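[1] Kindly return the folded structure for what I paste below:
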Amino acid sequence: MEESVERFLRYVTVDTSSSEETGTHPSTDKQRDLALMLVDELKEIGIPDEDVFYDVEHCYIYSKIRGLEDLPKIGFISHMDTSPETSGAGVAPQIFADYNGSDIILGHGKVLSPSDFPELLRYKGQTIITASGDTLLGADDKAGIAEIMTMASYILKHPEIIHGDICIAFTPDEEIGEGTAYFDISRFGADYAYTVDGGVIGEISYENFNAASAVITVTGRNVHPGEAYGKMINSQRIAMEIDRSLPDDQRPETTRDHEGFYHLIDMTGNCDTTVMKYLIRDHSRELFEAKKEQLREICGRVEADHPGSQVTVDISDTYYNMREIIVPSNMHIINRCAAAMERAMIDPLILPVRGGTDGAMLSFKGLPCPNICAGGHNFHGVYEFIPAESITRITSLLIEIVRQPL
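    Got it, this is the predicted structure:
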């Protein structure tokens, strides 16, 4: 299983940051560099050319390892891009063998310390892989890619393993919410799939947030402050009043587990016009709808309290909780993964996703697709790390998922 770590170390050196600014698909051409590498490697491990398809226009890869026709066609999906929040250029992975529980000096003044990240102590005696303090590492989701690729390589080297068709896809632009924009479910060909894009080893997630975005535009009246009495309507102060009216116990920093929130992600403006952008999240569809209605009511009340102002609210749904698709009719997908974890001596850890996944989008498009662990921690920033042992054990897990138990 050292192959999976070697692949991971190779993949993270390829800069694949996506971008919310370009408006293209893929959002950055540099994602194609990794895509072409993976296409070549899929063929090198023994998958026939006719079973490897590269969507050149949109940068999706679809591949298949053929199996017995009467067994489930199981898919695995990981994304090639890394978050634009932190640089992915010039990633220089560092390897800390036999971790002893002390601080890890990353470089560039950054220290990965168990006092800040206590989960590090779970991995004493293991090999910790980090970046060098000035970039992210890219375990999200190049760990998933390495695990899938090594699983595929292993299956092809062991024809005695009984399995159905194994469907593989690598996608662009997941980090900017566009990973499924051009995903071809029919070409992919799976009965169901797993996105290998989670965190800590053992993680299985079939619940995620219902999600919406809200744009609130407050229009006031700008008048020279020297003669503003009774005339000026400061849109910025009205905007702040709207935000203060939202429940403080429903913010990201005050919620956890299944609790939802309002998250102010951007506010720009002046006295005349202010625009606020919010994320609205909740696992419960009922509470999700109530949050949207509460935001509309607050905006209407604040507008009424300030005659002459105008407050408009534009709310658009982004994705929904895949639990609606998985429970109860598709719980066999979760049960199969949990049984595979038992065989791989991994403790299942069923956790709700406090975010969204490509799997949620695909589930509502007709492909049930829970999310499972890839092994990393602290994604999207310079403190990202992954234990090498997690990469190898998750590779074994994928093998067990496709293996038909005797």
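[2] from here on, contacts and neighbour counts on C-alpha atoms
    Fine.
[3] Now for the residue lying closest to F96 once chain neighbours are set aside: which residues touch it?
    Distances taken as CA to CA, 6 or more residues apart in numbering place I128 nearest to F96, at 5.0 Å, with adjacent residues excluded. Shown in contact with I128 (CA atoms under 8 Å, 6 or more residues apart in numbering): 95-97, 99, 385-388.
[4] Which members of those residues are positioned in strands?
    Mapping the contacts of I128 onto strands (DSSP state E) picks out 95-96, 385-387.
[5] low-scoring stretches of the stretch 151-300 of the chain, by residue?
    Within the stretch 151-300 of the chain, no stretch has pLDDT under 70.
[6] And the strands in it?
    166-171, 192-198, 203-205, 210-219, 261-269, 273-282 (DSSP state E, counting those that start in this stretch).
[7] By neighbour count, which of the contacts of I128 wins?
    When neighbours are counted by other CA atoms under 10 Å, I386 leads those with 29 neighbours.
[8] what's the spacing between the closest residue to that residue other than its chain neighbours and S102?
    Nearest residue to I386, sequence neighbours excluded (CA to CA, 6+ apart): G376, at 4.4 Å. Separation of G376 from S102 (CA to CA, to the nearest Å): 19 Å.
[9] tell me which residues form a beta bridge with the nearest residue to F385 once chain neighbours are set aside?
    Spatial nearest neighbour of F385, chain neighbours left out: T130 (4.6 Å); criterion: CA to CA, 6+ apart. Under DSSP bridges, the beta-bridge partners of T130 are Q94, F385.
[10] quick one: contacts of the longest helix seen in the chain?
    Criterion DSSP state H: the longest helix present in the chain is helix 285-305. Applying CA under 8 Å, 6+ apart, the contact partners of helix 285-305 are 210-211, 238, 241-242, 245-246, 260, 280-282, 309-313, 315, 321.
[11] partner strands of the helix or strand following it, parallel or antiparallel?
    Once the chain leaves helix 285-305, the next helix or strand it forms, by DSSP states H and E, is strand 310-319. Strand 310-319 pairs in its sheet with strand 210-219 (antiparallel), by DSSP bridges.
[12] ranges for the helices of the stretch 101-250 of the chain?
    For the stretch 101-250 of the chain, the helices defined by DSSP state H, counting those that start in this stretch cover 139-157, 185-188, 235-245.
[13] Can you point out the buried residues in the longest one?
    Right, helix 139-157. Neighbour counts over helix 139-157 (16 or more other CA atoms under 10 Å) mark 139-156 as buried.
[14] quick one: the residue lying closest to R66 once chain neighbours are set aside from Q404, how far?
    Nearest residue to R66, sequence neighbours excluded (CA to CA, 6+ apart): D165, at 4.5 Å. Using CA to CA, we find D165 at a distance of 11 Å from Q404.
[15] Who has more neighbours out of these two?
    Each of D165 and Q404 has its neighbours counted (other CA under 10 Å); D165 has more, 21 against 13.
[16] what about the residue nearest to V91 when sequence neighbours are not counted, how many residues close to it?
    Counting by CA to CA, 6+ apart, T13 is the residue found nearest to V91 once chain neighbours are left out, at 5.2 Å. Using other CA under 10 Å, T13 has 17 other residues around it.
[17] Please identify which helix or strand holds T13.
    Going by DSSP H and E, T13 is not part of any helix or strand.
[18] For the nearest residue to R256 once chain neighbours are set aside, give me its contacts.
    Leaving aside its chain neighbours, R256 sits nearest to R354 (8.0 Å; criterion: CA to CA, 6+ apart). Neighbouring residues of R354 by CA under 8 Å, 6+ apart: 208-209, 256-258.
[19] Pull out the buried residues from those.
    By 16+ other CA under 10 Å, those give 208-209, 258 as buried.
[20] what would the residues you listed look like in JSON lines with distance to H108?
    Output for these, formatted as JSON lines (distance: CA to CA, whole Å):
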{"residue": "N208", "distance to H108": "35"}
{"residue": "F209", "distance to H108": "36"}
{"residue": "H258", "distance to H108": "36"}
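[21] What helix or strand is E3 located in?
    helix 2-11.
[22] what about the closest residue to D173 other than its chain neighbours, neighbour count?
    The spatial neighbour of D173 that comes closest, neighbours along the chain excluded (CA to CA, 6+ apart), is G179 at 4.8 Å. Each residue near G179 was counted by other CA under 10 Å, and the total is 25.
[23] Equivalent analysis for the one 5 residues further on, please.
    Neighbour count of D184, defined by other CA under 10 Å: 14.
[24] so how far is D257 from it?
    Noted for D184: a distance of 32 Å to D257, by CA to CA.
[25] rewinding a little: might you report the residue contacts of the residue nearest to V91?
    T13 makes contacts with 89-93, as judged by CA under 8 Å, 6+ apart.
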